[in-house]
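Undergrad: Just the structure for this:
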Amino acid sequence: MPASPSTARAINDRLALSLLQQEGPLTAGQLKQLTGLSRPTVADLVERLTASGLITVVGESGEQRRGPNARLYGIVADRACLAALDVRTESVSVLVSDLVGQVLAEGAVPVGPEAGTAAAVEQAVGLVERAVKEAEGSGEGRLHTVGIGAPGLIDPATGDLRDSAGLPAWHRRLVATLQERFPHTRVSVENETNLAALAEQREGVARDRDTFVLLWLGHSCGAAVVLDGRLRRGASGGAGEIGFLPVPGTTALPSATDCSGGYHSLVGAAAITQLAAEHGPELDEPSASIAAEASRLTSVATRRGAGRIDMRLRRVGATSPHAPADNRRPTKPNPDFLDTLADRIALGVAALVAVLDPGCVVLGGEIGAAGGTALAARVEERLRRMSPLATEVRASALGGAAVLRGALLTARERAQDELFAPPDRG
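TA: Numbering: from 1, shown residues only. Sure, this is the predicted structure:
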């Protein structure tokens, strides 16, 4: 059954808007070529979208061209602004952009738990308010959508952040407070690792993959599963809580409320910091960069309550000052640091591959990015020995910034779904 005229117009309009989002400003002729639509149909949709305030003429294509055929049309980016938040245990980062993703303001603030839930929420909300004010001062429209990335489980029925052991209470309160302060704004929250996977799929190293797994390696570890182009969250929203995976090489088993003794105990930042200390201060690249990132992440967590976050990296090869003294020098010969770390990472990756057969695993987070292709290649080589399933292992190019990028992408899509709705449904 053929589509009705109104449905066909809606499909064509959305196709044109998607192309303008992806490609930037285009002429009517370029839209005709990219959409495959007839010239009259393109002329009609350009007129319709211009009249509705969704697109406007932003220039001409080339110095030698003049007239209607040379007009470049672009999305009206300042119709509204968007905010993305990366909420960590001890900090919040925010960026504000226009409708096409151009960053207008950004910032970060440490959030010390000693101040209590109310004060922590005020610190975070104040950061967002300042960033939004700066963006709106540049002429942007009102804040339309906020996307938040946070650790923990998201209830698949309500979309709310669930209570989780070990996570601060202010995380859940932050979402509600933002909605109160911005009552006309859409506020949503998603697991941070899931957002990182979306960013890798759209802008990172998994752009050519419909099925892959992202293994987040930062302060802690987590996994995000993308199958057939769709993010899979599981029945309770907990798909990818790989830190709780029982693995050989730990001294205990994890519990329902504590991942100590699970995979986290092998590949979390504290465990990698200790591993680096056991191998001594002289580490080659990328081992030194991995050790520095792990030490920084461990130090940030250890200083919880100090009221500040030291974001400076230690000198290459330095160990955490909070490590036990007898771990700061190698006490016996050890295998190469990078090989040992790859052995550890491969244990969890092999479990994911055996169950999901994703064909591709991305090593993300600050540590995954620091390890680069050298670490990814070692993990892939171990997988070939451990699994009959061919799996490519890639290093993230986005690293820790992937959470903010993913939050911005989801906010942009939600805003555009509403703002780009066809004005004519008749």
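Undergrad: so what pLDDT did residue 305 get?
TA: We have a pLDDT of 38 for residue 305.
Undergrad: ok, now residue 6?
TA: For residue 6, the pLDDT comes out at 82.
Undergrad: How about residue 320?
TA: Listed pLDDT for residue 320 reads 34.
Undergrad: Residue 221 is in contact with residue 262, isn't it?
TA: No. At 9.2 Å, residue 221 and residue 262 do not qualify as touching, with contact defined as Cβ atoms under 8 Å. Every residue, glycine included, has its C-beta placed from N, CA and C.
Undergrad: between those two, what contacts are shared?
TA: Listed as contacting both residue 221 and residue 262 by Cβ atoms under 8 Å, 6 or more residues apart in numbering are residue 243.
Undergrad: which of those two has more neighbours?
TA: More crowded of residue 221 and residue 262, by other Cβ atoms under 10 Å: residue 221, with 29 against 24.
Undergrad: ok, that one - contacts?
TA: By Cβ under 8 Å, 6+ apart, the residues touching residue 221 are 215, 242, 243, 263, 264, 267, 268, 348, 365.
Undergrad: List just the nearest of those residues to residue 401.
TA: Of all the contacts of residue 221, residue 401 sits closest to residue 365, with 10.4 Å by Cβ to Cβ.
Undergrad: my guess is the closest one meets residue 196, correct?
TA: Yes. Residue 365 lies in contact with residue 196 (Cβ under 8 Å); the separation is 7.4 Å.
Undergrad: what residues do the two have in common as contacts?
TA: Common contacts of residue 365 and residue 196, defined by Cβ under 8 Å, 6+ apart, comprise 216, 396, 402.
Undergrad: Any stretches of the protein with poor pLDDT?
TA: Across the chain, the ranges flagged by pLDDT under 70 are 1-2, 62-67, 113, 115, 138-141, 165-166, 300-335, 422-426.
Undergrad: where exactly do the strands run in it?
TA: In the chain, the strands defined using DSSP state E lie at 55-60, 71-75, 81-87, 91-98, 103-110, 143-150, 186-191, 212-217, 221-227, 230-232, 360-364, 392-395.
Undergrad: Nearest approach to residue 406 belongs to which of these?
TA: Across those, residue 406 has its closest neighbour in strand 143-150 (6.3 Å, Cβ to Cβ).
Undergrad: Now do the helices in this protein.
TA: Using DSSP state H, the helices of the chain run over 5-23, 28-35, 39-51, 116-137, 170-181, 192-203, 264-267, 269-278, 287-302, 337-356, 365-386, 402-419.
Undergrad: what angle sits between the third one and strand 55-60?
TA: The one in question is helix 39-51. Counting by axes from the mean of the first three to the mean of the last three Cα atoms, to 10 degrees, helix 39-51 lies at 110 degrees to strand 55-60.
Undergrad: With the fourth one instead?
TA: In terms of direction (the same axes, to 10 degrees), helix 116-137 departs from strand 55-60 by 60 degrees.
Undergrad: For helix 116-137, buried residues please.
TA: Neighbour-count burial for helix 116-137, with 16 or more other Cβ atoms under 10 Å as criterion, is recorded at 120-125, 127-129, 131-132, 135-136.
Undergrad: residues in contact with that helix?
TA: 81, 83, 85, 87, 92, 94-97, 104-109, 111-113, 115, 142-143, 146, 168-170, 173-174, 177-178, 181-182.
Undergrad: swap the cut-off to 6 Å and go again
TA: By Cβ atoms under 6 Å, 6 or more residues apart in numbering, the residues outside helix 116-137 that reach it are 81, 92, 94, 96, 104-105, 107, 109, 111, 143, 169-170, 173-174, 177, 181.
Undergrad: Same question for the second one.
TA: Helix 28-35 has contacts (Cβ under 6 Å, 6+ apart) with 15, 16, 19, 39, 42, 46.
Undergrad: wait, what's in contact with the second one?
TA: Applying Cβ under 6 Å, 6+ apart, we find residue 16 in contact with 31, 45.
Undergrad: can we see that at 8 Å?
TA: Contacts of residue 16 were listed using Cβ under 8 Å, 6+ apart, and they are 31, 35, 42, 45, 46, 49.
Undergrad: so how far is residue 394 from the fifth one?
TA: When Cβ to Cβ, to the nearest Å is applied, the distance between residue 46 and residue 394 equals 40 Å.
Undergrad: can you check residue 241 too?
TA: 22 Å.
Undergrad: Could you do residue 177 as well?
TA: Taking Cβ to Cβ, one finds residue 177 at 38 Å from residue 394.
Undergrad: which one of the two has more residues nearby?
TA: residue 394 (23 against 18).
Undergrad: beta partners of that one?
TA: Using DSSP bridges, the bridge partners assigned to residue 394 are residue 362.
Undergrad: Isn't it up against residue 359?
TA: No. Contact between residue 394 and residue 359 fails when scored by Cβ under 8 Å: they sit 11.1 Å apart.
Undergrad: Verify the contact between residue 294 and residue 276 for me.
TA: Yes. In this structure, residue 294 is within contact of residue 276 by Cβ under 8 Å, at 6.6 Å.
Undergrad: Now do the same contact list for residue 101.
TA: By Cβ under 8 Å, 6+ apart, the residues touching residue 101 are 408, 409, 412.
Undergrad: Rebuild the strands of the chain as JSON lines, extending it with distance to residue 418.
TA: Formatted as JSON lines, the strands of the chain follow (distance: least, Cβ to Cβ, whole Å):
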{"stretch": "strand 55-60", "distance to residue 418": "16"}
{"stretch": "strand 71-75", "distance to residue 418": "14"}
{"stretch": "strand 81-87", "distance to residue 418": "12"}
{"stretch": "strand 91-98", "distance to residue 418": "16"}
{"stretch": "strand 103-110", "distance to residue 418": "20"}
{"stretch": "strand 143-150", "distance to residue 418": "8"}
{"stretch": "strand 186-191", "distance to residue 418": "8"}
{"stretch": "strand 212-217", "distance to residue 418": "28"}
{"stretch": "strand 221-227", "distance to residue 418": "25"}
{"stretch": "strand 230-232", "distance to residue 418": "21"}
{"stretch": "strand 360-364", "distance to residue 418": "30"}
{"stretch": "strand 392-395", "distance to residue 418": "34"}
